[in-house]
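Peer 1: okay, sequence plus prediction incoming.
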Number of protein chains: 2
Amino acid sequence: MTERLEALKERLGQVADIGHASALAHWDQLTMMPPRGGDARAQSLATLSRIGHELFVGDDTERLLDRAAAELNGGDADGDDARLIALTRRQWEKARRVPADLAAELSHASSVGQEAWVAARAASDFAGFVPYLERNVELARRYVECQAGADGFDCAYDVLLDDYEPGMKTTEVNRLFAELKDELVPVIARLSAAEVEIDVRPLTARFPVEGQRALVEEVVTMMGFDRQAWRIDDTVHPFATRVGQGDVRITVRWDERFFPGGLYSAMHECGHGLYEAGISPKLRRTPLGAVDSLGIHESQSRLWENMVGRGRPFASVLAPRIGQLAGGELGGLDPETLYRAVNRVKPSFIRFDADEATYGLHIAIRFELEQALIDGELSVADLPEAWNERYARYLGLQVTDDADGVLQDVHWSAGLFGYFPTYALGNLIAGALWERAGAELDLDAQLAAGELGPLREWLGEHVHRHGAKFTTPELLEREVGGPMSVAPFVHYLKTKLEDVYGLRLSE
Amino acid sequence: MTERLEALKERLGQVADIGHASALAHWDQLTMMPPRGGDARAQSLATLSRIGHELFVGDDTERLLDRAAAELNGGDADGDDARLIALTRRQWEKARRVPADLAAELSHASSVGQEAWVAARAASDFAGFVPYLERNVELARRYVECQAGADGFDCAYDVLLDDYEPGMKTTEVNRLFAELKDELVPVIARLSAAEVEIDVRPLTARFPVEGQRALVEEVVTMMGFDRQAWRIDDTVHPFATRVGQGDVRITVRWDERFFPGGLYSAMHECGHGLYEAGISPKLRRTPLGAVDSLGIHESQSRLWENMVGRGRPFASVLAPRIGQLAGGELGGLDPETLYRAVNRVKPSFIRFDADEATYGLHIAIRFELEQALIDGELSVADLPEAWNERYARYLGLQVTDDADGVLQDVHWSAGLFGYFPTYALGNLIAGALWERAGAELDLDAQLAAGELGPLREWLGEHVHRHGAKFTTPELLEREVGGPMSVAPFVHYLKTKLEDVYGLRLSE
């Protein structure tokens, strides 16, 4: 009866199977692979990527889509099958508009650009990086041109943003980020001016790695990590990946002299992992079973890392265990000290290390600059100046070294334009979900008791299980009951910072 | 100038790239994967296998072969390119003769059969396993029929043997195994009758696993293991795999109360790994860069495990380190005690645990029985009786439990007929190489000094670098100067056993 739909799903399942192999190969490369295996791995990954792409963009897929749609004959537009056909068709059409030559050029320039970036950053040599970045901007603009006239894109940047945050518009992000800046810039200035002393020495106290491992294992297990279906391994730049159903992998980096690096990044990656693990098994091996919105993905990691992990209730779970497992200077660490230390706001040059308040400004800067690059309003050569001017204006910092400035992130070197905003959108989405979950659950008491199950289940029900079935705006409308807004996040953040700093931040 | 050859190589390279992904997925499944990831992994592997197969057997491959052959226009018939075209064409033709339906049936029956075997062995229930084995025999015979009339196969079993040992004939293996039985059966009887006491208690003395790991790391490093291009991990059934160039992985299983299990299987797997690592980089991403003869592969693992690892010279390296690392009952272990203990000959039911002398008889039994099954001279129902009769005749053992008898090996349940003989052929090939290497190197002195580099280099030069370029008979002719024979192996074994037992075994 659903023979044609099954044929479509079988094709998409094969594409997903290749994705499974690629995800494993990436994970292995960053955790297990011997160093000299890199060339062969790159070649294998390129072949998998090419074959997966060809399997997906072929004429066959369109025929399978048409036949499946005819078989479905309308039906419930919000049903899994109708949504699957709609999403697949959208992805297929977008992929089809990119000529194979351009796809190959994009992929090649991305590899070459990343290599050039590694060298340029090491030497703090922006000039040497200019030709590579110019090439990436040019290719991104050609990619945008391929989509000219397609439905749903109001400007060039919309095409790029859509790859990472489907359904979101540049104008909407501009509006949200403007509001966010208006809220955050004065808060940060106020906190800096107040000169409240916050003792952050515990963060760099010695905590042997074996103890940190034990702590992290306890915490992620509370969150939902399960050895039957998860792994945790060491790596250099932590990430999470779902290789396949029942196989979620998170990674951590340890520093004996900075335990929050391991602890909070493990909670962050475990948040990503819970999302991947929680997608409904019904959707597996289809595009609906993969995460499409990086903003929602990031909302899950940040919610667990910051709202749970750096929140007051859970500090009363963490602090005693840190004290027991670390001993020494951390012996007897009290929750209040931990809570205040991990919530200090301090403008800094590096996005990756930024606190919750300044983080959004790092993103807003990148978002403004990449729009200007794509629109041709800013030349690559002028980028450092524009970067530094914004860091001074938004964060009060004078950038003196491009390695800690415009060269700090890998994204543009890899041709990833439109990606950055999803990091800050993740905070906004997390804010909305946190507010709603707080209204429905007795969160403070649960988190203080180390009972993380109710929150995980709430997120599973309202977010995880849907996979890519809904766009971010749709999901928020359905599950939170409103459009994207900065208010819940700003409210959450100001309330916490007022508590930490003992200051009044709202009018 | 070699544009058409390059086009062929690119196609074969893509097939190899998919093989890379499959090898990694298999390794991961047996070492790293969380238990609940199995279903998704099986699906991904099936898709990779199907896509790799389709890429290889397509009409395209023939066209690429024809064009490359025309471009090469004869040339040196022993050159890499001519050999590549010849081997690829042979593999392509053999694969093409198997209808897709039969290939799918073979693959499915293999999975189902292995599952049934696990249950049947656990319950020692041969009757319950009969229908699965009958199905596998029937499919193997249909597979043979597909190749009817093809060049190079003189009998049904030749078709199967060729999958694991190209260029080898059933009549030749029958002749070799008959000679081997004639030599080994009286030796084993003589040793049993002599009632020489050999102290094997050190083998089951306590040796903490961490110490065993340190020992194995030292030994495989002497052999050529290199962290830049290898990994070593724990698993249940040890194996070795080359994921890709610069990426060889071996696995070990540890038992605190049986250190030879870890030590010698690590040397065995490292021997396989050295072969894979030593294939000329020129041949990578082509069928010449993959090992085709399981006999040669096994010769490498057995040479390192038995001829080096269980030899008298290397015992003087191993014993002191075992004594230091294990302490306790093994403290002060002397080389002579170790050497004698690890070379005791004792007929036993289980092939996997067999000593060097009885091992060949375990294989000869399986080889005879599977030929009879394929030729229709033996019915599956009569298999246990035929099995037990031979164990009594060749090894003097009365099998009373099918789990330790006909049900002990996974191979037939997986449809692997023609595979077993390669284990014993490996010993014969190792014998020939060992004799030749001994004539060219000062092996005793080198091994006693722990200098394993000269032997590795000799094997690299004479065996490893060639990959699949030559068949086993060709390789032996070129590098050892003669056809396959049992004499060198029998000479090696008798000499060692005379030394261990203090008996005269040759006439």
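Peer 2: Done, it's in.
Peer 1: going along the chain, name the strands of the stretch 201-350 of chain A.
Peer 2: Assigned strands in the stretch 201-350 of chain A, in chain order: A:230-234, A:240-244, A:247-252 (criterion: DSSP state E, counting those that start in this stretch).
Peer 1: oops, could you answer that again for the stretch 1-150 of chain A instead?
Peer 2: Read by DSSP E, counting those that start in this stretch, the stretch 1-150 of chain A holds no strands at all.
Peer 1: how about the residues of chain A near chain B?
Peer 2: Within chain A, the positions near chain B by C-beta under 8 Å from any C-beta of the partner chain are A:13-14, A:17-18, A:20-22, A:24-25, A:28, A:32-41, A:43-44, A:46-48, A:51, A:227-231, A:243-248, A:284-285. Yep, even glycine has a C-beta here, placed from its N, CA and C like the rest.
Peer 1: from those, which land in helices?
Peer 2: A:13-14, A:17-18, A:20-22, A:24-25, A:28, A:38-41, A:43-44, A:46-48, A:51 (DSSP state H).
Peer 1: give me the buried entries from the residues you listed.
Peer 2: Among those, the ones that count as buried by 16 or more other C-beta atoms under 10 Å in any protein chain shown are A:13-14, A:17-18, A:20-22, A:24-25, A:28, A:40-41, A:43-44, A:46-48, A:51.
Peer 1: before we move on, back to that, dump the strands of the stretch 201-350 of chain A to JSON lines, plus mean neighbour count and mean pLDDT.
Peer 2: As requested, the strands of the stretch 201-350 of chain A are exported to JSON lines (neighbours: other C-beta atoms under 10 Å in any protein chain shown; pLDDT from 0 to 100):
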{"stretch": "strand A:230-234", "mean neighbour count": "19", "mean pLDDT": "98"}
{"stretch": "strand A:240-244", "mean neighbour count": "26", "mean pLDDT": "97"}
{"stretch": "strand A:247-252", "mean neighbour count": "26", "mean pLDDT": "98"}
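Peer 1: in CSV, list those along with distance to residue B:368.
Peer 2: Shown next, in CSV, are these (distance: least, C-beta to C-beta, whole Å):
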stretch, distance to residue B:368
strand A:230-234, 45
strand A:240-244, 43
strand A:247-252, 43
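Peer 1: for residue A:139, find the nearest of those strands.
Peer 2: Relative to residue A:139, the nearest member of the strands of the stretch 201-350 of chain A by C-beta to C-beta is strand A:240-244, separated by 26.5 Å.
Peer 1: got the angle between the closest one and strand A:247-252?
Peer 2: Interaxial angle, strand A:240-244 versus strand A:247-252 (axes from the mean of the first three to the mean of the last three C-alpha atoms, to 10 degrees): 160 degrees.
Peer 1: tell me, what residue is most central in chain A?
Peer 2: For chain A, the residue nearest the mean C-alpha position is residue A:298 (3.7 Å; C-alpha atoms, centre = their mean).
Peer 1: got the contact list for that one?
Peer 2: Counting by C-beta atoms under 8 Å, 6 or more residues apart in numbering or on different chains, residue A:298 touches A:422, A:423, A:425, A:426, A:427, A:429, A:430.
Peer 1: so residue A:223 sits right up against residue A:267, yeah?
Peer 2: Yes - here residue A:223 reaches residue A:267: they are 7.0 Å apart, a contact under C-beta atoms under 8 Å.
Peer 1: okay, and the common contacts of these two?
Peer 2: Shared contacts of residue A:223 and residue A:267, defined by C-beta under 8 Å, 6+ apart, are found at residue A:304.
Peer 1: the two: which is more packed in?
Peer 2: residue A:267 (26 against 20; other C-beta atoms under 10 Å in any protein chain shown).
Peer 1: quick check, that one in contact with residue A:222.
Peer 2: No - in this structure residue A:267 lies outside contact range of residue A:222 using C-beta under 8 Å: 9.9 Å.
Peer 1: so what touches stretch A:387-407?
Peer 2: Identification of contacts with stretch A:387-407 by C-beta under 8 Å, 6+ apart yields A:117, A:120-122, A:124-126, A:129, A:181, A:185, A:188-189, A:192, A:347-350, A:358, A:361-362, A:364-365, A:368-369, A:383-384.
Peer 1: give the buried residues for it.
Peer 2: A:387-388, A:390-391, A:394-395, A:397, A:399, A:402-407.
Peer 1: would you point out the most distant pair within the residues you listed?
Peer 2: A:394 and A:403 (19.9 Å).
Peer 1: need the pLDDT of residue A:256.
Peer 2: Looking at residue A:256, its pLDDT stands at 97.
Peer 1: residue A:266 versus that one, what's the distance?
Peer 2: Relative to residue A:266, residue A:256 is positioned 15 Å away (C-beta to C-beta, to the nearest Å).
Peer 1: between the strands of the stretch 201-350 of chain A, which gets nearest to residue A:83?
Peer 2: Nearest of the strands of the stretch 201-350 of chain A (C-beta to C-beta): strand A:240-244, 20.0 Å.
Peer 1: contacts for the closest one next, please.
Peer 2: Under the criterion C-beta under 8 Å, 6+ apart, residues A:20, A:23-24, A:26-27, A:248-251, A:269-270, A:272-273, A:276-277, A:301, B:33, B:37, B:40-41, B:43-44 lie in contact with strand A:240-244.
Peer 1: what about the residue lying closest to residue A:494 once chain neighbours are set aside, helix or strand, and which?
Peer 2: Distances taken as C-beta to C-beta, 6 or more residues apart in numbering or on different chains place residue A:505 nearest to residue A:494, at 4.6 Å, with adjacent residues excluded. Applying DSSP states H and E as the criterion places residue A:505 outside every helix and strand.
Peer 1: and the helices in the stretch 51-200 of chain A?
Peer 2: Listed in chain order, the helices of the stretch 51-200 of chain A (DSSP state H, counting those that start in this stretch) span A:59-72, A:80-96, A:100-123, A:126-146, A:156-164, A:170-194.
Peer 1: follow-up on the earlier one: so can I have TSV of the contacts of residue A:298 showing distance to residue B:305?
Peer 2: Putting the contacts of residue A:298 into TSV (distance: C-beta to C-beta, whole Å) gives the following:
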residue	distance to residue B:305
A:422	54
A:423	53
A:425	58
A:426	54
A:427	58
A:429	58
A:430	56
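Peer 1: which among these gets closest to residue B:175?
Peer 2: Closest approach between the contacts of residue A:298 and residue B:175, by C-beta to C-beta: residue A:422, at 69.5 Å.
Peer 1: my read is that that closest one contacts residue A:293, right?
Peer 2: Yes - taking contacts as C-beta under 8 Å, residue A:422 lies within contact range of residue A:293: 7.5 Å.
Peer 1: mind listing the shared neighbours of the two?
Peer 2: With C-beta under 8 Å, 6+ apart as the test, residue A:422 and residue A:293 both reach A:164, A:165.
Peer 1: the residue lying closest to residue A:91 once chain neighbours are set aside: what's it in contact with?
Peer 2: Of all residues not flanking residue A:91 in the chain, residue A:287 sits nearest, at 6.2 Å (C-beta to C-beta, 6+ apart). Residue A:287 makes contact with A:12, A:84, A:87, A:88, A:91, A:468, according to C-beta under 8 Å, 6+ apart.
Peer 1: what's the most distant pair in those?
Peer 2: Spatial extent of these (C-beta to C-beta) is set by the pair A:12 and A:468 at 12.1 Å.
Peer 1: domain assignment for chain A?
Peer 2: A:1-96, A:205-347+A:440-470 (automatic domain parsing).
Peer 1: can you add distance to residue B:104 and give those back as a markdown table?
Peer 2: As requested, those are exported to a markdown table (distance: least, C-beta to C-beta, whole Å):
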| stretch | distance to residue B:104 |
| --- | --- |
| domain A:1-96 | 14 |
| domain A:205-347+A:440-470 | 19 |
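Peer 1: among those domains, which is the most enclosed?
Peer 2: domain A:205-347+A:440-470 (a mean of 20; mean count of other C-beta atoms under 10 Å in any protein chain shown).
Peer 1: where does the stretch 401-507 of chain A dip in pLDDT?
Peer 2: Within the stretch 401-507 of chain A, the segments meeting pLDDT under 70 span A:507.
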